[in-house]
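1. Give me coordinates for this.
(one chain, ligands or ions: 2)
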Amino acid sequence: MALYLHDTMRGRKVLFEPLVPGKVTMYLCGPTVYNYAHIGNARPAVVFDLLARLLRRSYALTFARNFTDVDDKINAAAAETGKPIGDITEQYIRAYVDDMGALGVQPPDIEPRATEHIAEMVTMISTLIDNGFAYEAEGHVLFDVASFDDYGKLSRRDLREMLAGARVEVAPYKRAPGDFVLWKPSTPELPGWDSPWGRGRPGWHIECSAMAEKHLGPTIDIHAGGQDLVFPHHENEVAQSACAHGGEPFAHYWLHNGFLGIDSTKMSKSLGNVLLVHDMVKTIPGEVIRLALLSAHYRQPLDWSDGTLESARRMLDRLYGAVRGIDIDTRLRREAEPHAALIAALEDDLNTPKALAEMFALARKLNKTRDDAERKSLAATLLAGGDLMGLLQDDAEAWFAHATEGELSTQAIDDLLKAREEARVNRDFARADAIRDQLSAAGITIEDGADGSRWRRSV
Ligand code: AMP
Ligand code: ZN
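-> Ligands and ions are numbered 1, 2, ... in the order given. Here you go, the predicted structure:
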């Protein structure tokens, strides 16, 4: 396998070589679980799921994707809704697993939760203090960025420039404005754990460094996440892990996906354009969403619109149409390999637009051939490519049966109405409106009355 990946640290595409021959370790920063994942959050999950699938063809992969289940945003959500923190995180962890599963994301090997790794974080922080990279001040522990020469290397920022430009008010306990929190004190009503620095809770960055070390070792092969995490999150992870491990690099390859925007704008609650996967999968087949997410190269921005989904659906119809009605025996199906051109595209820094084009080229060839044995063999190859991409997992007849039904099931509509009601109770009117739009696009009209909402199919 000759896999090339774009490494943010080196700023270019490089040949991937694992630290230990035959084995690969990969860590992906997972969600902070205080709400449902939106379609942008699904992009890293789907893209790096595809990379995991590709790596598993050639290596014994250990892939970890964490849950950040202690965070001030979660505390704020608990205060706002009056729900216990544990209930909130449990609810959204379960929803995340289900929603990503609906997009064909295979469960990673390890899904560590931050709250189950507090002891490892405390140990790492103690090591950093003992070795002069961190200091305690007023119940906080801070990382001293001036102590790490390479600080700023991943995000190509000059520390001095950063500090000179900083206009924000600096907390009095910090030696320098760029120093970041490893540990902070908790008031009695906030989640907290005993530590050498008093009862408190970890900063976000140390969570990932400690979980990666525990499950994957001090130096890992691949670390991935969305582009917004390069600074400060990953820059800080690099500093903590390298300094806790005698200067050994944290990760050999840093991969970052580009951002997804909607109709050329940023997704934001105030604009009412946040699309939640949890709502989308009720009316849109998961493979349509997955293909749409893979239709752009992962490092490029992805501009999402209704057209993105429509064209993904048409593409899947073409692929399913090509294999429909071809009776492939089990052995041929099992033994078939994806075609070389598809693998070559993916090995070139996960070039999914090219990979999809190769699938269409194969489908065209399949549609043209009159030779029955060749048709079967091409269909088996196409389906093997689908297995790798996480597409074409449905039976072709069933795929078209759903498509021709052309309408939402009563259950799906009821579920969406319930979700809309929940959004309204939480005063999340943007989400409530988005669900109404989604239903209306599917030909469902909602009538709000004094005794609740009713729906009818528009003719
Ligand atoms: P969060 O729960 O906010 O930490 O985000 C989880 C993951 O989703 C991180 O890897 C983010 O970088 C990524 N992410 C958040 N918003 C977007 C977006 N609009 N497009 C692509 N990736 C995103
Ligand atoms: Zn992280």
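2. For ligand 2, see how far away the closest residue to ligand 1 within the stretch 351-459 of the chain is.
-> Proximity of the stretch 351-459 of the chain to ligand 1 (C-beta to the nearest ligand atom) peaks at residue 352, 14.7 Å away. No exception for glycine: its C-beta is placed from N, CA and C like everyone else's. In this view, residue 352 and ligand 2 are 24 Å apart by C-beta to the ion, to the nearest Å.
3. same thing with residue 80?
-> Residue 80 is 25 Å from ligand 2, by C-beta to the ion.
4. Also residue 303?
-> Here residue 303 is placed at a distance of 26 Å from ligand 2 (C-beta to the ion).
5. chain center to the strand or helix carrying that residue, what's the gap?
-> Applying DSSP states H and E as the criterion places residue 303 in strand 302-304. From the chain centre to the centre of strand 302-304 is a distance of 16 Å (C-alpha atoms, centre = their mean, to the nearest Å).
6. Adjacent strands (with direction) for that strand?
-> Using DSSP bridges, the strands paired with strand 302-304 are strand 260-262 (parallel).
7. Could I get the average pLDDT for the strand it pairs with?
-> Averaged across strand 260-262, pLDDT comes to 96.
8. helices or strands next to the helix or strand that it is followed by in the packing?
-> Next helix or strand after strand 260-262 toward the C-terminus (DSSP H and E): helix 277-283. Packing contacts for helix 277-283, counted by 3 or more C-beta pairs under 8 Å, 6 or more residues apart in numbering; DSSP states H and E, involve helix 39-58, helix 85-102, helix 286-294, helix 410-425, helix 429-441.
9. and helix 277-283, anywhere near ligand 1?
-> No: counting by C-beta under 6 Å from any ligand atom, ligand 1 has no neighbours in helix 277-283; the shortest distance is 11.4 Å.
10. Give me the distance from that helix to the chain's centre.
-> 16 Å.
11. hang on, the earlier thing: nearest residue to the residue of the stretch 351-459 of the chain closest to ligand 1 other than its sequence neighbours?
-> Computed as C-beta to C-beta, 6 or more residues apart in numbering, the closest residue to residue 352 that is not its neighbour in sequence is residue 294, at 4.3 Å.
12. tell me the contacts of the one you found?
-> With contacts defined as C-beta atoms under 8 Å, 6 or more residues apart in numbering, residue 294 is in contact with 46-47, 50, 352, 355-356, 389.
13. just the residues you listed now: which is nearest residue 3?
-> Nearest to residue 3 out of the contacts of residue 294 is residue 50 (C-beta to C-beta; 12.5 Å).
14. Mind jotting down where the strands sit in the stretch 301-450 of the chain?
-> 302-304, 444-449 (DSSP state E, counting those that start in this stretch).
15. Can you lay out those as a markdown table showing mean neighbour count?
-> Formatted as a markdown table, the strands of the stretch 301-450 of the chain follow (neighbours: other C-beta atoms under 10 Å):
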| stretch | mean neighbour count |
| --- | --- |
| strand 302-304 | 19 |
| strand 444-449 | 12 |
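16. Out of the ones you listed, which gets nearest to residue 224?
-> That would be strand 302-304 among the strands of the stretch 301-450 of the chain, by C-beta to C-beta, at 16.3 Å.
17. tell me which element residue 253 falls in.
-> strand 251-257.
18. list the helices and strands that strand packs on?
-> Counting by 3+ C-beta pairs under 8 Å, 6+ apart, strand 251-257 packs on strand 4-7, helix 39-58, strand 220-226.
19. Can you give the strand pairings for that strand, parallel or anti for each?
-> Strand 251-257 is paired, per DSSP bridges, with strand 220-226 (parallel).
20. Is ligand 2 within reach of the strand it pairs with?
-> No: judged by C-beta under 5 Å from the ion, strand 220-226 makes no contact with ligand 2; its nearest approach is 6.2 Å.
21. Would you mind pulling up the elements that the very next helix or strand once past that strand packs against?
-> Using DSSP H and E, the helix or strand that directly follows strand 220-226 along the chain is helix 235-244. Under the contact criterion of 3+ C-beta pairs under 8 Å, 6+ apart, helix 235-244 touches helix 118-130, strand 140-143, helix 204-216.
22. Save these as JSON lines, and put in mean neighbour count, mean pLDDT and distance to ligand 2 too.
-> Formatted as JSON lines, the helices and strands packed on helix 235-244 follow (neighbours: other C-beta atoms under 10 Å; pLDDT from 0 to 100; distance: least, C-beta to the ion, whole Å):
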{"stretch": "helix 118-130", "mean neighbour count": "19", "mean pLDDT": "98", "distance to ligand 2": "13"}
{"stretch": "strand 140-143", "mean neighbour count": "24", "mean pLDDT": "98", "distance to ligand 2": "15"}
{"stretch": "helix 204-216", "mean neighbour count": "25", "mean pLDDT": "98", "distance to ligand 2": "3"}
